[in-house]
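Visitor: Sequence isn't available, so here's the structure alone:
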């Protein structure tokens, strides 16, 4: 049972990491209607920039500077790329971000090579904070939890309490009205895009040392981020949080328990075939939960789309 | 328009003349491996090692057959069996007689089959397939043929050496086996359980599982299971990011026992493990670079690092492949009749640049060689990997490992 607690913590770390990516993406999507395929690429850029900075001045300045650079890059992409493509409609926008993702991957490989780079957690956090029945919890993971929590609370406060947040929320649903009232809506879009990509950059900086910094890191996480925002509901910060945690725990627990299809089916009253290797259904009988774990989030997305197309917290139809 | 086409025709003619002039001098070797995509790092590094070995070991020594040089011609197969067969055909059409490939047994299976078929149908343009890294035992057992030669020790030979070490260690009572969910991962798991049951029946296999290949983002839950199972040692055949992710998660989780691996080194992996892997990571492989076997070997590795500062001599067997091919061509007196070259390779004994004697077993074309268990460490490292200060140092050696291992190969000779 101790393992449950450990898994809860691990799932929380994964979920919060996912949240930092999906929060930016969901804001961008709901505001501009653009599915930003390059979002995970900004996450990768964050990790690589931080690695480069950490080589000369250490991890901590990188945590601050790398997301800033990524955010500025994101804002520039919006200002000089997306905004020009915008008038041609959504499909060109999609293709633009898709191309951007490929471009960023090639650029990363060009500068840092195809192999994994040794981006490591800072020495100060390189110890086991505590352990639960032999399973140690590294201090770095606890640090990850605190950083992402702080970002969530900060984001929530800005969006709901501040004047800027109110204008953003208004621009989400009624951009024309907001513009008529004298607000610079394109500037708001650029700002949101920049902040969203900067958040992805932060996620990259803190995930890089744990999940590895390599040219494929964007692809590995890219699709799951889209699943998260669809499950949570487009444009909803709370939805992104809940969906991220849900998926984090789902994948963690699925990987942890070797429940086999054999147990489930015999539990349901089926009898296993005499000779499994000859049976037509041997693949079904020999499946285990960790093997199907990675597809569970996608299954969840399908279920949500069938039963609640708005997503868990969304107000708009997908 | 007319002038342009005439010009391009002229250029084409000039090029083909130049190409044929070059081919009269050089013996071409097709290198079919991933040069783009997720495994490009391994492929590109392998290509560099081939180019360097050909240049340094053959061409600088005056070539073969009185001055013919080796030329490595790269073909990108993106680790796909289908693409590999296309590239193989292109190589054959270019008149290339020797094909080397290593990454992925799935690709090697496709190539060996295609080569066998091609050679049966086209006796005038036969090719030899020199497999330097694909370790699926089937390639020199059920699927063996005369045209295929394997220069790496196959998975069972490595597992035999690995389980010898585990069996000799009384502190290990519980073992956890984990791997990627495909043919090689399964072969490793089956080999480990069968051989441990035979050598140390008292060892308990506390876990034996396969995880989706290349799909796991975070290995922490697996690491938790391994620690919770009370395992003293872990065996894994993982490679690439799956190896790094699994290894790091296990070590971060406070596991201190040995982790026995096949591929936990080079291509960024050694640097990323760094101090964390010291004392835990073990690796089974042929070809030791620490401690250096000879002056000649030291000079070879130093020269390689001078030419490719970011590269690693991660596949020592590549030098063996090139040297033995050169020797076989010399012995056969021809580079065009691959049957004669193949017959010269069969039963060949060769003193390896990495130390120890190599023997190409005629019955199944499996190279018999010393297999080492390495540890990932900083102490005693003369040649590190990834410029990290860390590298692999020989911990124990099995001389002529599994020289009498059984084979089901029934080879038809031309």
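Guide: Perfect, thanks for sending it. These figures come from a predicted structure and were not determined experimentally.

Visitor: List, one by one, the residues from the stretch 1-150 of chain A near chain B.
Guide: Neighbours of chain B within the stretch 1-150 of chain A, by C-beta under 8 Å from any C-beta of the partner chain: A:3, A:6-7, A:10, A:13-14, A:113-118, A:120, A:128, A:131, A:133-136, A:138. Placement of C-beta: from N, CA and C, glycine included.

Visitor: rerun at 6 Å
Guide: Contacts of the stretch 1-150 of chain A with chain B, taken as C-beta under 6 Å from any C-beta of the partner chain, map to A:3, A:6, A:10, A:14, A:114-116, A:118, A:128, A:134-136, A:138.

Visitor: Which single residue in the stretch 1-150 of chain B comes nearest to chain A?
Guide: Using C-beta to the nearest C-beta, residue B:41 is the residue of the stretch 1-150 of chain B that sits closest to chain A, at 4.0 Å.

Visitor: Could you check how far the closest residue to residue B:45 other than its chain neighbours is from chain A?
Guide: Excluding the flanking residues, the one nearest residue B:45 by C-beta to C-beta, 6 or more residues apart in numbering or on different chains is residue B:311, at 5.5 Å. Per C-beta to the nearest C-beta, to the nearest Å, residue B:311 is found 10 Å from chain A.

Visitor: got the phi/psi numbers for residue B:311?
Guide: phi -90, psi 170 (degrees, to the nearest 10).

Visitor: in terms of contact, does it touch residue B:49 like I think?
Guide: No: at 7.5 Å, residue B:311 and residue B:49 do not qualify as touching, with contact defined as C-beta atoms under 6 Å.

Visitor: Which one's more surrounded, those two?
Guide: residue B:49 (25 against 21; other C-beta atoms under 10 Å in any protein chain shown).

Visitor: and that one, that one's in a helix?
Guide: Yes: under DSSP: H, G, I helix; E, B strand; the rest coil, residue B:49 falls within a helix.

Visitor: which one is it nearest to, not counting chain neighbours?
Guide: residue B:318 (4.5 Å).

Visitor: List the residues that contact the one you found.
Guide: Residue B:318 makes contacts with B:49-50, B:53, B:132, as judged by C-beta atoms under 6 Å, 6 or more residues apart in numbering or on different chains.

Visitor: do residue A:258 as well
Guide: Per C-beta under 6 Å, 6+ apart, neighbours of residue A:258: residue A:288.

Visitor: I'd guess it is in a strand, am I close?
Guide: No: using three-state DSSP, the secondary structure at residue A:258 is coil, not a strand.

Visitor: Got the phi and psi for it?
Guide: phi -80, psi 60.

Visitor: ditto for the one 5 residues further on
Guide: Dihedral angles phi and psi of residue A:263 (degrees, to the nearest 10) take the values phi -70, psi -40.

Visitor: Tell me how many other residues surround it.
Guide: Neighbours of residue A:263 under the rule other C-beta under 10 Å: 12.

Visitor: again, but for residue B:385
Guide: 25.

Visitor: Please determine how far the closest residue to it other than its chain neighbours is located from residue B:276.
Guide: Closest residue to residue B:385 apart from its sequence neighbours, by C-beta to C-beta, 6+ apart: residue B:270 at 3.8 Å. Between residue B:270 and residue B:276 the distance, using C-beta to C-beta, to the nearest Å, works out to 11 Å.

Visitor: Of these two, which one has the most company?
Guide: Applying other C-beta under 10 Å to residue B:270 and residue B:276 shows that residue B:270 carries more neighbours, namely 28 against 18.

Visitor: Could you list the low-pLDDT ranges of chain B?
Guide: B:1-24 (pLDDT under 70).

Visitor: again but with the stretch 1-150 of chain A, I slipped
Guide: A:1.

Visitor: residue ranges for the helices of it, please.
Guide: All helices of the stretch 1-150 of chain A, identified by DSSP state H, counting those that start in this stretch, fall at A:2-32, A:39-57, A:59-77, A:83-86, A:90-112, A:139-161.
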